[in-house]
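Student: the sequence and its predicted three-dimensional model are supplied below.
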Amino acid sequence: MKIAQIAGFLGAGKTTFLIEVAKELVNRGHRIAIIVNDVGDINVDAKFIESYGLKAKEISGGCICCQIAGSFASTVATLYNSFKPDIIIVEPSGVAIPWGLKRAAEYSEEEMPAKIEHAPVITLVDSMRIDELLTSVRRLVETQIREADVVFINKVDASSPDKIKRTEEFVRQVNPRAKVMHGSGKLSKGVKEIAILIERDISPRYDEAMEEEILRKEYVERSEP
Amino acid sequence: MKEMDEKLHIDMHRMVDELGKFSIHMTIWPDKMMDRESAERFLRELLIDITKECMHDGADLVGHVKAFLISEHGTSLGASLVHLDIPMTINNAIDQRGLTEGDLTIHVIVHGIWDPDVKHASMETIERILPAYNIKYKILQDYYEKEKGESHHK
């Protein structure tokens, strides 16, 4: 069973994008379930997604990449045991760290007879608000971009060419190895291409040693005087 | 999870999670049948004013301010705001039956002020806007948890 995470800061357009990607994957013959997580104790997104006829489970009360990783793993296993999806799309909270979510997903293997595969980690970046994001929450946006296999520069239909260019330059500087795509979840632009990537490609499993080294470099050495 | 791993993880969250959060779930009763357009107007005004109030109180970035309203007929109205200068995303499926009772969830996350300020800004706006639309309401759950909200930022 594949886990496809669609990361990105709050307001990046994750829910709209996820609905379009899920619809595309359903049309391509897949059995899709969706897990949404929000940092607050109540979730608006699951209700919204279900209003499109999609199967969604919400997990609230903390961030699934750490605080409630166990609940997330159990939810993945329960979905597998009851619904047998071949792909679970996960919308993590806007502050989740992608590698933490990979690790949490792999915990579910203890509760079900299936192996987890990861689809490419897709991080959405809101090109319309790039300047504000880099001023206020740069560190988080950097982390989400750095850990992505694919960075989807979203809302290009409503953003200016200058902002899109700045966003792309920033993304390439932070993560030169990521595949960079442009599109709009609202207009379904780029949705089919992302659905094909989720269907076809695999992202490596969580590697504790590798992640620890990256984290040490990024968060310990950088903060030392 | 190893000790080192856990410490780094917590440090990362502390560094990035400077967000104030508040969410509330309530039942609302307009004094007369609220049609599709009025419901949308009400929700737009509510979210914009909550956001303005948060920014006035010191927030410098909207994470998201969103709401989902379900009528007694099962029809729904979703609204999401990420910036005061960017048009709100609205998905309005309220039909000609309108609503006389609704299940309303509001979720506010902003950067720059902590949970108590977000709660204050949100509640002040709710207490002003709903009566202005002649809407009675009952709070089912207020998901603000003081201890959790504050300890996270220590």
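Tutor: Looks like it came in fine. Numbers count the residues shown, from 1 in each chain, chains lettered A, B, ... in the order given.
Student: list phi and psi for B:Glu72.
Tutor: With angles defined as degrees, to the nearest 10, B:Glu72 sits at phi -70, psi -10.
Student: wait, it sits on B:Glu101?
Tutor: Yes - B:Glu72 lies in contact with B:Glu101 (CB atoms under 8 Å); the separation is 4.4 Å. In this view, the C-beta of every residue, glycine as well, is placed from N, C-alpha and C.
Student: so which elements touch the longest helix that chain B contains?
Tutor: Looking across chain B with DSSP state H, the single longest helix is helix B:36-56. In terms of contacts (3 or more CB pairs under 8 Å, 6 or more residues apart in numbering or on different chains; DSSP states H and E), helix B:36-56 is packed against strand B:61-71, strand B:76-81, strand B:89-92, strand B:102-111, helix B:115-132.
Student: the ones you listed into JSON lines, with extra columns for distance to chain A?
Tutor: What follows is these, written out as JSON lines (distance: least, CB to the nearest CB, whole Å):
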{"stretch": "strand B:61-71", "distance to chain A": "3"}
{"stretch": "strand B:76-81", "distance to chain A": "5"}
{"stretch": "strand B:89-92", "distance to chain A": "7"}
{"stretch": "strand B:102-111", "distance to chain A": "5"}
{"stretch": "helix B:115-132", "distance to chain A": "10"}
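Student: possible to save these as JSON lines with mean pLDDT and mean neighbour count?
Tutor: What follows is the helices and strands packed on helix B:36-56, written out as JSON lines (pLDDT from 0 to 100; neighbours: other CB atoms under 10 Å in any protein chain shown):
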{"stretch": "strand B:61-71", "mean pLDDT": "93", "mean neighbour count": "24"}
{"stretch": "strand B:76-81", "mean pLDDT": "94", "mean neighbour count": "22"}
{"stretch": "strand B:89-92", "mean pLDDT": "92", "mean neighbour count": "15"}
{"stretch": "strand B:102-111", "mean pLDDT": "93", "mean neighbour count": "24"}
{"stretch": "helix B:115-132", "mean pLDDT": "95", "mean neighbour count": "18"}
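Student: buried residues in stretch A:176-189?
Tutor: For stretch A:176-189, the neighbour count (16 or more other CB atoms under 10 Å in any protein chain shown) marks A:178, A:180-185, A:188-189 as buried.
Student: same check, this time on stretch B:37-53
Tutor: So for stretch B:37-53, counting by 16+ other CB under 10 Å, buried means B:38-40, B:42-44, B:46-51, B:53.
Student: mean confidence for it?
Tutor: When pLDDT is averaged over stretch B:37-53, the result is 98.
Student: dump the C-alpha coordinates for that stretch into CSV.
Tutor: Provided in CSV are the C-alpha atoms of stretch B:37-53 (Å, rounded to 0.1, in the frame of the first residue of the first chain):
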residue,chain,number,x,y,z
GLU,B,37,-26.6,34.3,-0.6
SER,B,38,-27.2,35.5,3.0
ALA,B,39,-25.3,32.4,4.4
GLU,B,40,-22.4,33.2,2.1
ARG,B,41,-22.4,36.9,3.0
PHE,B,42,-22.5,36.0,6.7
LEU,B,43,-19.6,33.6,6.5
ARG,B,44,-17.5,35.9,4.4
GLU,B,45,-18.0,38.8,6.9
LEU,B,46,-17.3,36.5,9.8
LEU,B,47,-14.0,35.2,8.5
ILE,B,48,-12.7,38.5,7.2
ASP,B,49,-13.5,40.2,10.5
ILE,B,50,-11.8,37.5,12.6
THR,B,51,-8.8,37.8,10.4
LYS,B,52,-8.7,41.6,10.6
GLU,B,53,-9.1,41.4,14.4
